[in-house]
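[1] I would like to see how this sequence folds:
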Amino acid sequence: MAVLLWCACAVPGSGQTVEVTTVRFTNVRAPTGSNGTWLEGTLGLTAKPGPGAPGQMVPRVKVSLLLAFELPATAGAERRLDYYRAEAECVALESGRSDVRFYLPPEIVKRDQLHADPKYWGVELAIDGKPVPAARAAYSGSLPGNEQRKNFQKRGSASAATNDGVLLPQYLTPFANEYPRATPSFVRRENR
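    Numbering: from 1, shown residues only. I've put the predicted structure just below:
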């Protein structure tokens, strides 16, 4: 399901902006040798470099995604939310459209029967290490108010730690070489 958004996120005084234009969640099969269905989250971004930006690029754009899925109630238990978070830092974004993708592996998709959009999701951006103000369009429609978005981030930050490392940026998955025209290069930190 595609969700069309528009979120102009700018670093004050720099003239640089990154806009979240779409957020879409889809179940996909891996291109090679992996059994099962992955959940793919695609964040469509449009970059607008500031005047005189080197190479007409927006440098070091960090994209953070927080998801919350409502899981079915089990015997004797209430429905609960499972949170997942991940981030990826783009080396730079050229002027125009780029897609940043995150994936939940098939074991999680199968175990939790994830065949729909998350109940809640939020995208946070930073440009060259400077956080940009969160715009309304960077959150799911089920989080209409600023207070609701803050509560989601607070709960998610506390609860997602149990699932750290499960939601993966594209470059750590079998999809690393897929979509080469729209996928930016990433700063890699997993070996540090």
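
[2] you'd agree A88 is in a strand?
    Yes - under DSSP: H, G, I helix; E, B strand; the rest coil, A88 falls within a strand.

[3] now it: closest residue in space that isn't a chain neighbour?
    P169 (3.8 Å; Cβ to Cβ, 6 or more residues apart in numbering). Yep, even glycine has a C-beta here, placed from its N, CA and C like the rest.

[4] who's in contact with stretch 64-78?
    41, 43, 79-87, 102, 104, 112-114, 118-126, 152-153, 155-157, 160, 167 (Cβ atoms under 8 Å, 6 or more residues apart in numbering).

[5] test my guess that the residue nearest to A88 contacts C90.
    No - counting by Cβ atoms under 8 Å, P169 stays clear of C90, with 10.2 Å between them.

[6] so which of these two has more stuff around it?
    More crowded of P169 and C90, by other Cβ atoms under 10 Å: C90, with 24 against 21.

[7] find residues that contact each of P169 and C90.
    Shared contacts of P169 and C90, counting by Cβ under 8 Å, 6+ apart, come down to V100, F186.

[8] as a quick check, tell me the outermost residue of this structure.
    In the chain, counting by Cα atoms, centre = their mean, G76 sits farthest out from the average C-alpha position, at 33.1 Å.

[9] need the pLDDT of that one.
    pLDDT recorded at G76 is 71.

[10] and if you look at A73?
    Reported pLDDT for A73: 72.

[11] likewise P49?
    pLDDT, read off for P49, is 88.

[12] next, count neighbours for it.
    21.

[13] in the chain, what helix or strand scores lowest on average pLDDT?
    strand 2-10 (a mean of 40; mean pLDDT, DSSP states H and E).

[14] that older thread, which of the contacts of stretch 64-78 are buried?
    Buried by 16 or more other Cβ atoms under 10 Å: 41, 43, 81-87, 102, 104, 114, 118-126, 152-153, 156, 160, 167, out of those.

[15] ok, R149 to L143 distance?
    For R149, the distance to L143 equals 5 Å [Cβ to Cβ, to the nearest Å].

[16] all helices of the chain, in order?
    106-112, 146-159 (DSSP state H).

[17] may I have the beta-bridge partners of the most centrally placed residue in the chain?
    Among the residues of the chain, L65 comes closest to the average C-alpha position under Cα atoms, centre = their mean, at 3.4 Å. Per DSSP bridges, the residues bridged to L65 are A86, V123.

[18] pLDDT score for it?
    Confidence score, pLDDT, at L65: 96.

[19] what do you get for the one 3 residues further on?
    Note for A68: predicted pLDDT of 95.

[20] who are the contact partners of the residue nearest to A88?
    With Cβ under 8 Å, 6+ apart, P169 has these contacts: A86, E87, A88, V100, R101, F102, F186.
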